[in-house]
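>>> Provide a 3D model corresponding to the input given below.
(4 chains)
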Amino acid sequence: MNARVGVYVCECGNNISDQVDIAALVPMLEGAPGVVKVMSHRLLCSKEGQEFLAEEVRKEGLTHLVVAACSPRQHLPTFMEVCKRGGLNPYLMQMANIREQCAWVTSDRHEATEKAARMIRAAIARVVRQAPLPEREVEANPDVIIIGGGLSGTVTASMLAGPERRVHVVDRNPTLAVALTSLEGVETHGGCEVEAVRGFFGNFEVELASKGSRQEVRVGAMVVCTGSRATTLQEMGYPGSEAPHVVVLPQDLEGLRPYLDALPSGQPKVMFVHCAGRERVGYCSGVCCLRSFKAMRWMVETAPNAQLSCLHQDICVPGRDGEREYQGILGIGARMTWGRLTALAQQGPQVTVSFRREDGSIGQDAADLVILVPATVPNHGARALIDIIGVEAGPAGFVEEAHPMLEPVSTSVKGIYVAGSASGPRDGRATSLLSLAAAAQIAAELRPGKTLRLEAQTSQVCEALCTGCRNCMTVCTYGAIEYDLVAQTCRVNETICRGCGNCVAACPSEAISVKGATYQQILQEIKEAVR
Amino acid sequence: MSGNEEPRVLGFLCNWCAYAGADLAGVSRLQLPANFRVIRTMCSARTEPLFLFKALLGGMDGVLVAGCHPGDCHYQRGNYFTRRRLVMVQEILKALNMEHERVRLHWVSASECSLYQKVLTEFIEDLKGMERNAARDEVFL
Amino acid sequence: MARGADIGTEMPKALREAVQRLMETGGFEGTFTLARTPGGGVDYFLSTKEEGAPELLPLHPVMPNHAGRLLREMTLGGAMRGKVLVITRPCELRGFVEIVKRLQGCLDNLVFLSVVCGGVFPLSMVSAGWDGKRTEEYWAYPDGRPVQGLRPACQGCTEFIPYTADLVVAPSANGHWALTAGSEEGGRLIERAFPSAPAAEMDPKALEAMAVARKAGREEVLSHEADVKGLSDLVKVFGRCIGCHACSKACPICYCTLCTFESSRMEDRMEQSKGQLEVKGGIRAPAGTVLFHIGRMGHMAVSCVACGCCQDVCPVGIPVSLLFKKVGEAVQARFEYVPGRDVKEALPINTFQPMEFKEMGE
Amino acid sequence: MSEAPRGATIQGEEGPRALVPLLARALEKGTSDAVLLPLRTPGQDSYAFVLVKDPRLLRQADPLPPVQTVTGGRALSSLTRHGGGGVRILAVMRPCEARGAIELSKLGQVDLKDVTLITMDCPGTVPLQRFARGDLRPSAVGFADQDIRPICQVCDLSCAAVGDLHLGWGEGLAPILIPMDERGAEALLAMGLRAESDTSEWRTTVSSRSQERRERREERLGQLRVASSGLDNLMVRLDSCINCHNCMRACPICYCRVCAFDIRRQERSANEVLDLAKARGSMRLPMDTLMFHLGRMNHMSLNCVSCGACEDACPAGVPIAQLFAMVSDRTQSAFKYRAGMDRQQRSPLITFLEKELEGEDGQRC
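Coordinates of the predicted model:
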């Protein structure tokens, strides 16, 4: 069937027509290959304009549509809807951005008109090579599995669980918090570990294993809530850290009591050492200074006669209350010393603390109790889990977010989310915030009873041309490409592919291409654009 | 370039950063050279080297590839590959003394419309300083 | 490096005998080596038993086919079931390693015997009829004096020592040759084949002499035709290209089922050619000569091992191998990559470092 | 045309060069949009077909270069494979190239709709590789030249007037342009010429030379047939073949995008190769060299025009063009077909006759 292309130029009020000579433009487009109608309109995105366009598509029996208007980033969805209403596959429409990237940036009216004509002709050349693409959807399982039953796991679960959505919480720890077990719609799997994951967003199969027994859980999404932990004395590796009067600041301050009880009478010296293990892990955990200060205040109440001192590097107290906490500590007369811990040594009843000052010189101090404020690292087993579920991890071993600003709770794998301190050291507040964010995003993306809309413009492999070199697999961020051992060619999993086209540029055989952005389509667009 | 001829430049802009930046340039009414044509790709990594060679041998005076800053790729890592591919293309052109300056890569975020304008105008200024791309008239390509 | 065995001075006879011993003692299913064709030519053979086998000419100084290409065609479907002794030149081994990185072949069960390489003669010399005496003289190359008539790619080859061979035939002290081990496997094979042979190792002086000669050769060969100054020169050099694409078919790296440049994608419709015809007044037919060569560089320059096969088969004598060597070296240097050095080394185009190439894009 | 065609004698430049100004005239007149003919390449060391619109480019034109680089058939195919797009082309090439173009048009790879083929008496060409090496730069190849390619030396169609317009000139004849059909006649008019001169002299010269060449062809190819009869001898002829398939790529008739024999190269697993080698004691690699050539003969010998492009492109010095000529002469005559000679006659394997392929004794062969 011969193409019947309709070209509709939007004047966008005066936004376009001020700079582009519509009257001159229209004739420049007539006679372009396949074009049966060229027409301008005041405002195509208006309700009236949309109806007009839909009607035109029907009336003229258009096979392809070119809308010369604003940026596709603004109105592509609008006009795709219009196509549907007009009975045309939305992927047979191409927009020419003659507003933002022509009318508004080109001072000379004649030049602007010329350019608009070229841009539209390019759009025509491309659209006639477009193929109709189906709107693809898959049934999705609304259930969610949460790995880790700590704070973030509990918050996320409590937000998501309900009559329409079952939430599984897995933890290597056999007993989980009552806060979880008592929740309606939550199924806890204590003492279990994730063995394997198959499938993709909307339909994951997760294999759980506990001592002896295995079970498979089917869910639509996963949340990694494996949290973080304090570095151990061994990991810090300070000489002499095994000294009996050296302790790592515990989560629960009550854990300090036995040490306090053992303090000599009089005015025992208690020294808090910050940034313990920081050099080893290679980053500032950012949450420890405040924890330390809180502990110091608790100390003032529980052991009033103790002389507090603090060996610190940079003080990191971000947020509303940080500064107040800091001033508070200065207020109670704790002695603050700048220094990097180098070694510890039990000498008689006291511990000698050696440290390096900013100027490089070595300093020493002694205390009856040394409390190391530890750096934060990913929890035990996080690494293994990351490898099993195949998400990206940063150098420190924390789960990497898909995008630090835009997608802070998504991972490199669609449908696997991360919350709390699994993606980096967090305080309780940040942990809850991220957990709520993850829950909200899942609630929005995985709605019970709703199907998942899939990217239509995905990559596809031409078996005849594929050599099976798997360049495409190597560069694909999403693991959307599989290797078919029988055919010995690559195959795209279209439920995962996001159509970025990286694989296309990686394939020397041009065996893989993105629907709607094939080599020919782009090439012909270029040829017209630069004529 | 000979006379007052305007250099012809082709740009591959990624949908999420550079193209958005170009849109913002429009919204901010920044004035840009008219002889610049844009191809919108979802990711700068879609820009295969072959397009660049074809454009150069097809007589374009300049080709610009622009995408998200490293680390900000909408597709997480695409632009790192773009960077490597561009490095390769330039090395090839250099080795053949083929005016590698005609091919450029720039990181432009969705908010950097003035950077976009700067990049573009500078590029075209530099191209004006060069001869018109000989490939445009070459019969024996 | 493990101990090497002295195999004497008489090349290539000594080499043939060494290979014989290895075949007898190494427990190989077969040997992949150059050998005499029925018509008196030279080509690669997979030889499995002595009787009826052609006259083996291991490392005969020609390259009728790139061994890497042949091994790829053979092992594309999977590994060889039994151990096979593969006798090839360093660039062939490197080429194969590069293609294995592209998952087009399999190294398993292949035991490589390579050589501190003196280069090879052009293919045309074989078809013109081979002068036996030439071979005798050829093996004197470790003295660093350039051998007359070698292929340009070989004259300028500075990668003449194999990286991943199990066994390496190398010049040893005072005119002797040594079979040295490049891996434990190689060591064991030598132990078994030459239990009593006097020990010997590579002679650094000889390697140095060769390196000097090759650096000079490299300057020489790259300074003429390959020294293109932009498009006008390219059009001159490739002007006589007849578009047979023999270069890509002989290339060990080019592995596509259908070369993009032979696909319909590259064919302009007359409707589009019209425009070009207007602007230029004429268009070459077939068009796209320069695009093919540059585009091919874009596809394989990162892995080009400068084996010279492309130039060997070019019917119109375009210095293809030199141009590709030049470009390949530039690209590889930028990525600090040596093709074929290590099969575990990722292809530069398939990996990246977040902090690299800061200057790009800023 | 029943009665002997008349032609137009050309004054001025002698030989094929006489065509150039005429082509320029046709272009300026606008009766044709472009001319396809060989131009000297920028390096001045070779020739390439160029579709010329700007007459000034014709200064570098050489209608009959001493060497064949790309064959005219392939050049024309690259331009018109997807349709001629209404561009009226004067295509100047040797008879064997034109015959290749005609075969390709039958195979849907060339669109002759708007093409006027101009052929000319061909003295043959020198071997491409010797020419490229520079040790052979004849100013103009003479008809008796011993340096011309073996396949040219046995070419009995070197003056076949298969074009719409044919230039006769050899052996000291004054160049004469002879229209062979309406299209040729129009082209001649466009060049401002009239077909008034008698062509008998040319025809006698041509027929005598063709006769002589035919005899030589039978003799030499006969010898080759003897020398390469039987598997072993054929193997010896192909011994130096490195199986690069370049003959196929240079061939104007082989138009497949991917040659079946290129794909088959990879169809055997390592272990199959090993088993085959064990069975025979040893196995030459790459395998299937003979299979490739036989298969290719089967694919295209009926359309082979003996242009010799394969032999020119062979890096291993195999006399492949002669071997193919030897075979295709037989296969073609079996179907009373001569590739590229008759545009109407359909390619043998896509048609058949009720009674055909009968031996003298009436039994089917």
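>>> for the helix or strand harbouring residue D:132, name the packing helices and strands.
Under the criterion of DSSP states H and E, residue D:132 resides in helix D:128-133. Secondary-structure packing of helix D:128-133 (3 or more C-beta pairs under 8 Å, 6 or more residues apart in numbering or on different chains; DSSP states H and E): helix D:309-313. From N, CA and C alone the C-beta is placed, and that goes for glycine too.
>>> quick check: next helix or strand after the helix it packs on?
Helix D:309-313 is succeeded, C-terminally, by helix D:320-334 (DSSP H and E).
>>> same for that next one, what does it pack against?
In this structure, helix D:320-334 packs against helix D:150-153, helix D:200-227, helix D:289-300, helix D:309-313, with contacts taken as 3+ C-beta pairs under 8 Å, 6+ apart.
>>> so what angle separates the directions of it and helix D:289-300?
Per axes from the mean of the first three to the mean of the last three C-alpha atoms, to 10 degrees, the angle that helix D:320-334 makes with helix D:289-300 is 40 degrees.
>>> so helix D:320-334 versus helix D:200-227, what angle?
110 degrees.
>>> CA-only coordinates of helix D:320-334 in CSV, if you can.
Output of helix D:320-334 as CSV, limited to C-alpha atoms (Å, rounded to 0.1, in the frame of the first residue of the first chain):
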residue,chain,number,x,y,z
ILE,D,320,40.0,-19.4,-12.7
ALA,D,321,38.6,-17.4,-15.6
GLN,D,322,39.8,-20.0,-18.1
LEU,D,323,38.5,-22.9,-16.1
PHE,D,324,35.1,-21.2,-15.9
ALA,D,325,35.2,-20.4,-19.6
MET,D,326,36.0,-24.0,-20.3
VAL,D,327,32.9,-25.1,-18.3
SER,D,328,30.5,-22.3,-19.3
ASP,D,329,31.1,-22.8,-23.0
ARG,D,330,29.7,-26.3,-22.5
THR,D,331,26.8,-25.6,-20.2
GLN,D,332,25.7,-22.6,-22.2
SER,D,333,25.9,-24.3,-25.6
ALA,D,334,23.9,-27.2,-24.1
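>>> and that helix, which residues are buried?
For helix D:320-334, a neighbour-count test (16 or more other C-beta atoms under 10 Å in any protein chain shown) marks D:320-329, D:331-332 as buried.
>>> stretch C:351-359 too?
C:352, C:357.
>>> from the chain's centre, how far out does that stretch sit?
Taking C-alpha atoms, centre = their mean, to the nearest Å, one finds stretch C:351-359 lying 30 Å from the centre of the chain it belongs to.
>>> list the contacts of that stretch.
A:474, B:70-71, B:77, B:80-81, B:83-84, B:87 (C-beta atoms under 8 Å, 6 or more residues apart in numbering or on different chains).
>>> can you tell me which residues contact residue 115?
Using chain A here. Going by C-beta under 8 Å, 6+ apart, residue A:115 touches A:98, A:102, A:106, B:34, B:37.
>>> ah, no, chain C please
Counting by C-beta under 8 Å, 6+ apart, residue C:115 touches C:59, C:89-90, C:162, C:168-170.
>>> likewise for residue A:291?
Counting by C-beta under 8 Å, 6+ apart, the residues that residue A:291 touches are A:249, A:373, A:427.
>>> thinking again about what came up before, show me the contact partners of the helix holding residue D:132.
Contact with helix D:128-133 is made by C:124, C:240, C:242, C:315-317, D:45-46, D:66-69, D:136-137, D:147, D:312-313, as judged by C-beta under 8 Å, 6+ apart.
>>> just the buried ones from the residues you listed, in ChimeraX syntax?
Burial among the contacts of helix D:128-133 is assessed by 16+ other C-beta under 10 Å; the matching ChimeraX selection reads:
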select /C:124,240,242,315,316,317 /D:45,46,66,67,68,69,136,147,312,313
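>>> number of residues surrounding the residue lying closest to residue B:27 once chain neighbours are set aside?
Leaving aside its sequence neighbours, residue B:27 sits nearest to residue A:100 (C-beta to C-beta, 6 or more residues apart in numbering or on different chains; 6.4 Å). Residues lying near residue A:100 (other C-beta atoms under 10 Å in any protein chain shown) number 24.
>>> where does residue D:233 land in three-state SS?
In three-state terms, and counting by DSSP: H, G, I helix; E, B strand; the rest coil, residue D:233 is helix.
>>> do I have it right that residue D:224 meets residue D:319?
Yes - using C-beta atoms under 8 Å, residue D:224 is in contact with residue D:319, at 7.5 Å.
>>> break down the stretch 51-200 of chain D into its helices, ranges please.
Counting by DSSP state H, counting those that start in this stretch, the stretch 51-200 of chain D has these helices, from start to end: D:72-80, D:95-106, D:128-133, D:150-153, D:182-190, D:200-227.
>>> now the ones you listed in JSON lines, with distance to residue A:406, mean pLDDT and mean neighbour count?
Below are these laid out as JSON lines (distance: least, C-beta to C-beta, whole Å; pLDDT from 0 to 100; neighbours: other C-beta atoms under 10 Å in any protein chain shown):
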{"stretch": "helix D:72-80", "distance to residue A:406": "48", "mean pLDDT": "95", "mean neighbour count": "29"}
{"stretch": "helix D:95-106", "distance to residue A:406": "56", "mean pLDDT": "95", "mean neighbour count": "27"}
{"stretch": "helix D:128-133", "distance to residue A:406": "59", "mean pLDDT": "88", "mean neighbour count": "20"}
{"stretch": "helix D:150-153", "distance to residue A:406": "68", "mean pLDDT": "93", "mean neighbour count": "22"}
{"stretch": "helix D:182-190", "distance to residue A:406": "66", "mean pLDDT": "93", "mean neighbour count": "19"}
{"stretch": "helix D:200-227", "distance to residue A:406": "74", "mean pLDDT": "92", "mean neighbour count": "15"}
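>>> and these: which comes nearest residue A:226?
helix D:72-80 (61.1 Å; C-beta to C-beta).
>>> got the buried residues for stretch A:443-451?
For stretch A:443-451, by 16+ other C-beta under 10 Å, it's A:443, A:445-446.
>>> only the buried residues of the biggest helix by length in chain C, if you could.
Secondary structure of chain C read by DSSP state H shows that its longest helix is helix C:204-223. Neighbour-count burial for helix C:204-223, counted by 16+ other C-beta under 10 Å, picks out C:206-207, C:209-210, C:213-214, C:217-218, C:221-222.
>>> indicate the residue of the stretch 51-200 of chain D located nearest to chain B.
residue D:57 (6.7 Å; C-beta to the nearest C-beta).
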